[in-house]
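Q: how does the following fold in three dimensions:
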Amino acid sequence: MARKMFAACLLSATIAALPAIAQMPKEAPGKADPARVTAGTYKVDPGHTEIAFSINHLGFSIYHGLFVGPSGTLTLDPAKPNAAKVVVDFPIEGVRTTSAKLDEHLKSPEFFDATKFPTAHFESTSVVASGMNATINGNLTLKGVTKPVTLKAKFIGAGKGPMNGADSMGFEATTTISRSAFGISYGVPLVGDQVDLTIAAAFEKSKP
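A: Purely as a prediction, here's the structure:
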């Protein structure tokens, strides 16, 4: 009897899901075509934007983690790509690793000191576009220390969002920083000083 009830529930759930699946696009709405980018100010899509970090751990492995839940804006005109401006904030509370204890340690004063410095901030100072790529120079503020950084960015795609029809776009950017330069020296050299960052950035423009 229980099996029949489970099968009936599973069949009902499958049927209920069919209309939504049938309405899904047949192909990805975003394309790596700069002509799809429209001018204006875009907001960070926090559910699809993250900073991934990697660091040498004890000489045994390259350990990875994430910062999630950002906010910010991208302002650009495809006719004047070098005039683009990016401003992004990442909450330190959004740090994520495979260990809950490590997450809490990273928020402590020995690392990021999330209570005193709850937000990391990046603001571009110049953009040099070249085809599908761009060099984004800017200032990164971390644990109260501001240092210049250079992002190597690659345009991923643009188009209309399938859920709300909003103009959307995204890029991936990479850079490398020295954490000790930002006053985060705990564990060096057992845990590496060099930190590689990969930013998966998605932006959405509010509809008028």
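Q: quick one: contacts for the nearest residue to Ile92 once chain neighbours are set aside?
A: Here the nearest residue to Ile92 in space, its sequence neighbours aside, is Ala114; by C-beta to C-beta, 6 or more residues apart in numbering that works out to 4.0 Å. Using the backbone N, CA and C atoms, a C-beta is placed for each residue, glycine as well. The neighbours of Ala114, taking C-beta atoms under 8 Å, 6 or more residues apart in numbering as the test, are Ile92, Glu93, Val95, Lys107, Ser108.
Q: and the residue nearest the centre of the chain, how far from Asp103?
A: Averaging the C-alpha coordinates of the chain gives a centre point, and the residue nearest to it by C-alpha atoms, centre = their mean is Glu50 (2.4 Å). Counting by C-beta to C-beta, to the nearest Å, the gap from Glu50 to Asp103 is 15 Å.
Q: cool, and Gly159?
A: 35 Å.
Q: one more: His48?
A: With distances taken as C-beta to C-beta, His48 is found 21 Å from Asp103.
Q: shaky segments in the chain?
A: Under the criterion pLDDT under 70, the flagged ranges of the chain are 1-23, 25, 207-208.
Q: residue boundaries of the helices in it?
A: Secondary structure of the chain (DSSP state H): helices located at 2-22, 100-106.
Q: then stretch 51-63 to PDB, C-alphas only?
A: Only the C-alpha atoms of stretch 51-63 are listed here, as PDB (Å, rounded to 0.1, in the frame of the first residue of the first chain):
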ATOM      1  CA  ILE A  51      34.400  34.700  -5.600                       C
ATOM      2  CA  ALA A  52      36.300  31.400  -5.600                       C
ATOM      3  CA  PHE A  53      39.600  31.400  -3.800                       C
ATOM      4  CA  SER A  54      42.400  28.800  -3.900                       C
ATOM      5  CA  ILE A  55      45.400  28.600  -1.600                       C
ATOM      6  CA  ASN A  56      48.200  26.100  -0.900                       C
ATOM      7  CA  HIS A  57      47.500  24.100   2.300                       C
ATOM      8  CA  LEU A  58      50.500  22.700   4.100                       C
ATOM      9  CA  GLY A  59      52.200  21.900   0.800                       C
ATOM     10  CA  PHE A  60      49.800  18.900   0.400                       C
ATOM     11  CA  SER A  61      46.900  20.400  -1.500                       C
ATOM     12  CA  ILE A  62      45.300  23.400  -3.200                       C
ATOM     13  CA  TYR A  63      42.400  24.300  -1.000                       C
END
